[in-house]
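In: generate coordinates for the sequence data below:
(one chain, ligands or ions: 1)
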Amino acid sequence: MGVAGQSLMVGWSIQAQSYEGAAIDFTAADLAAARDDRDSAVEAQLGWPLETISYLRAAFTKRLSRVSNWSSTSPASVLARSIYKRGLNSQAVHGSYPILFGEERPDLSFIQESNLVVIDEGVAGTLTQYPWYQRAITITPTEQNKSLATIADLYAQIKHQGAVRIVVIGGGILCDMVGFLAYLTQKKAVYVPTTLLAMVDASIGGKTAVNFAPFGKNQIGAFHFPEEVRIGAGWLTTLPEREFRAGIAESLKHAFLAGDEELARRICEVQQPEDMAPLLYQIVSIKAEIVERDPNERGERATLNLGHTLGHALEGLAAISGGDIRHGEAVGVGLCYMLILARTLNILDKDEFSKMSELVTRSRLKPSPRQLACWLNTKVDDLTAIWPELYNLILQDKKMPNQDGALKSPWVLLQGMGRVYQPAGRGYITMVEEGDAKTAWHAFLASLTTT
Ligand SMILES: NC(=O)c1ccc[n+]([C@@H]2O[C@H](COP(=O)([O-])OP(=O)(O)OC[C@H]3O[C@@H](n4cnc5c(N)ncnc54)[C@H](O)[C@@H]3O)[C@@H](O)[C@H]2O)c1
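Out: Residues are numbered from 1 along each chain as shown. Prediction:
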């Protein structure tokens, strides 16, 4: 079965988002404590008022709700508050965009002279024949440079260009980052995803973001839906195995969420990039449908974070320890761990657990202890001992005090294929006590030795 010529139209509609609650004050001391000497250079490049980044940092430090009302009316505070709210505004907005599928690399001659083109270093060498290549901006994607500073550099380069459209050709890091730039400059964005992960996940759904240390991954960003996404399975032939496997993790996550066992089995059986082409439409449709129902993550879209609570913490730990783990690899480990945690809590029944565990193992998402230790730049013998640090990073994302004051951590957990556990009153998120999360970590590590 081929994919050439298939397309999918994705609609989105976001209700007006007002600010909520009593107005929060930031004191001069809050802002001074939040200031970093490097901020003013970034603010100047972006044309942001001085102190905008201090307001953002102070808001993260106070762990404010994204829609919190702030008392200050200074230009820096007003801008920071709207960025903190992920660009959602007080009017309802809606739109739609097509996702086009092809088996080959898409023909990029649709790119016009007036478009701004940003390309991933990983594919730049294959694009030299195009007339726009010479004026394209090439970026080396890393989680370290997925930052406001990189956005500011890019912004400074393009601010005098009158282009109305940015075309991004690259992996998930580039899609996220340049998508945010498109939001800030109010330009249209066309995504040409070149990694499996970007095809099935990052280019779909209009979430754009950069990392904001030390507050974690993707903390600063905005909803900015693309004008078009052009998926071409042909890009996958040059993708290193490691990057390919990272994309398999997010693909399997989608099949789990949809409860599509047949699709999950076919994903497990993929040996080489060509095998993936016939599955892309189905995998992308799963995410597109979830996003269509809940574009700005008021409910169901949070289920796409399956495997991400631990995944983000592993990425954070690797960044601190000098390790190197791909986003998709961390999500793969997060999926394996989630199954064990859901089983520990008796949420997931035994048969469903066995079935899904077999699927993650066959998809090669479960690392050996040595592989996991290498990703985290630690020793195999220390994998048990890293738990407190890992748990701190989990809590850094979002934490919720228990009645007795103990902190619980938020998880998306499966009851079975296609069934996300919904505890009463908390949507799709289950709050878990540290003891259970730690028991599951030990059980997860024990399960690795048998693979
Ligand atoms: N916005 C969202 O909804 C969303 C969803 C999932 C993930 N993400 C983000 O996506 C990012 C991960 O994306 P990724 O896995 O694509 O990683 P990536 O962007 O780092 O790309 C991986 C590597 O592959 C290289 N590359 C790209 N295309 C290639 C090709 N065709 N051939 C050879 N090499 C190629 C790149 O240069 C890079 O070295 C993370 O930052 C994650 O947070 C976003």
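In: would you map out the domains in the protein?
Out: Residue ranges of the domains in the chain are recorded as 7-14+93-239, 20-83, 297-448, according to automatic domain parsing.
In: the ligand: which of the ones you listed is closest?
Out: Distances from the ligand to each of the domains of the chain were compared using CB to the nearest ligand atom; the shortest belongs to domain 7-14+93-239, at 2.2 Å. (Glycine included, C-beta is placed from N, CA and C.)
In: measure the closest one end to end?
Out: End-to-end distance of domain 7-14+93-239 (CA to CA, to the nearest Å): 23 Å.
In: next one: stretch 100-118
Out: Across its full length, stretch 100-118 reaches 20 Å end to end, with CA to CA as the criterion.
In: may I see the buried residues of it?
Out: Of the residues in stretch 100-118, those buried under the neighbour-count criterion (16 or more other CB atoms under 10 Å) are 101-103, 105-106, 108, 111, 115-118.
In: near the ligand too, which of the residues you listed?
Out: When CB under 6 Å from any ligand atom is applied, no member of these is adjacent to the ligand.
In: show me those residues that map onto strands.
Out: When DSSP state E is applied, those are split such that 101-102, 116-118 fall in strands.
In: how much space between the nearest residue to residue 372 once chain neighbours are set aside and residue 273?
Out: Leaving aside its sequence neighbours, residue 372 sits nearest to residue 383 (CB to CB, 6 or more residues apart in numbering; 6.4 Å). Counting by CB to CB, to the nearest Å, the gap between residue 383 and residue 273 amounts to 32 Å.
In: got it, and residue 96?
Out: 30 Å.
In: which of these two has more neighbours?
Out: For residue 96 versus residue 273, neighbours defined as other CB atoms under 10 Å are more numerous around residue 273 (18 against 11).
In: so that one makes contact with residue 236?
Out: Yes: look at residue 273 against residue 236 with CB atoms under 8 Å: they come within range, at 3.5 Å.
In: what do the two both touch?
Out: In the contact map built from CB atoms under 8 Å, 6 or more residues apart in numbering, the residues linked to both residue 273 and residue 236 are 196, 244.
In: buried residues, the helix or strand encompassing residue 266. List them.
Out: Residue 266 is part of helix 261-269, with elements assigned from DSSP states H and E. Applying a neighbour-count criterion of 16+ other CB under 10 Å, the buried positions in helix 261-269 are 263-264, 266-268.
In: with stretch 59-69 instead?
Out: By neighbour count on 16+ other CB under 10 Å, the buried set for stretch 59-69 is 59-60, 64, 68.
In: restrict these to those near the ligand?
Out: Of the residues in the buried residues of stretch 59-69, proximity to the ligand by CB under 6 Å from any ligand atom holds for none.
In: low-confidence ranges in the stretch 1-150 of the chain?
Out: Judged against pLDDT under 70, the low-scoring parts of the stretch 1-150 of the chain cover residues 1-4.
In: gap between the helix holding residue 266 and the chain center?
Out: The gap between the average C-alpha position of helix 261-269 and the chain average comes to 23 Å, counting by CA atoms, centre = their mean, to the nearest Å.
In: before we move on, what about stretch 253-269?
Out: Between the mean C-alpha position of stretch 253-269 and that of its chain there is a distance of 20 Å (CA atoms, centre = their mean).
In: contacts for it?
Out: Contacts made with stretch 253-269 from outside it, assessed by CB under 8 Å, 6+ apart, are listed as 200-201, 248, 251-252, 275, 279, 282-283, 286-287, 290, 303-304, 306-307, 331, 335, 355-356, 359, 362-363, 414, 416-420.
In: buried only: go through the residues you listed for me.
Out: When these are checked against 16+ other CB under 10 Å, the ones flagged as buried are 200-201, 248, 251-252, 279, 282-283, 286-287, 290, 303-304, 306-307, 331, 335, 356, 359, 363, 414, 416-417, 420.
In: return only those of those residues found close to the ligand.
Out: Restricting the buried ones among the contacts of stretch 253-269 to those touching the ligand (CB under 6 Å from any ligand atom) yields residue 201.
In: tell me which of the buried ones among the contacts of stretch 253-269 fall in strands.
Out: Per DSSP E, the subset of these in strands is 414, 416, 420.
In: what's the burial count for the closest residue to the second one other than its chain neighbours?
Out: In space, residue 416 comes closest to residue 352 once its chain neighbours are excluded; the distance is 4.0 Å by CB to CB, 6+ apart. For residue 352, the neighbour count with other CB under 10 Å is 18.
In: list the contacts of residue 352.
Out: Shown in contact with residue 352 (CB under 8 Å, 6+ apart): 414-417.
In: check what pLDDT it gets.
Out: What the model reports for residue 352 is a pLDDT of 96.
In: quick check: which element contains it?
Out: helix 350-362.
In: residue numbers of the stretch 101-250 of the chain in contact with the ligand?
Out: With the criterion set to CB under 6 Å from any ligand atom, the stretch 101-250 of the chain comes near the ligand through 120-123, 141, 143, 146, 170-174, 176, 194-195, 197-198, 201-202, 205, 207, 217-218, 235, 238-239, 243, 246.
In: ok, the residue lying closest to residue 304 once chain neighbours are set aside - contacts?
Out: Closest residue to residue 304 in three dimensions, ignoring its sequence neighbours and counting by CB to CB, 6+ apart: residue 290, at 6.3 Å. Residue 290 makes contact with 257, 300-301, 303-304 under the criterion CB under 8 Å, 6+ apart.
In: quick one: residue 290 and residue 243, what's the gap?
Out: Plainly put, residue 290 is 24 Å away from residue 243 if you go by CB to CB.
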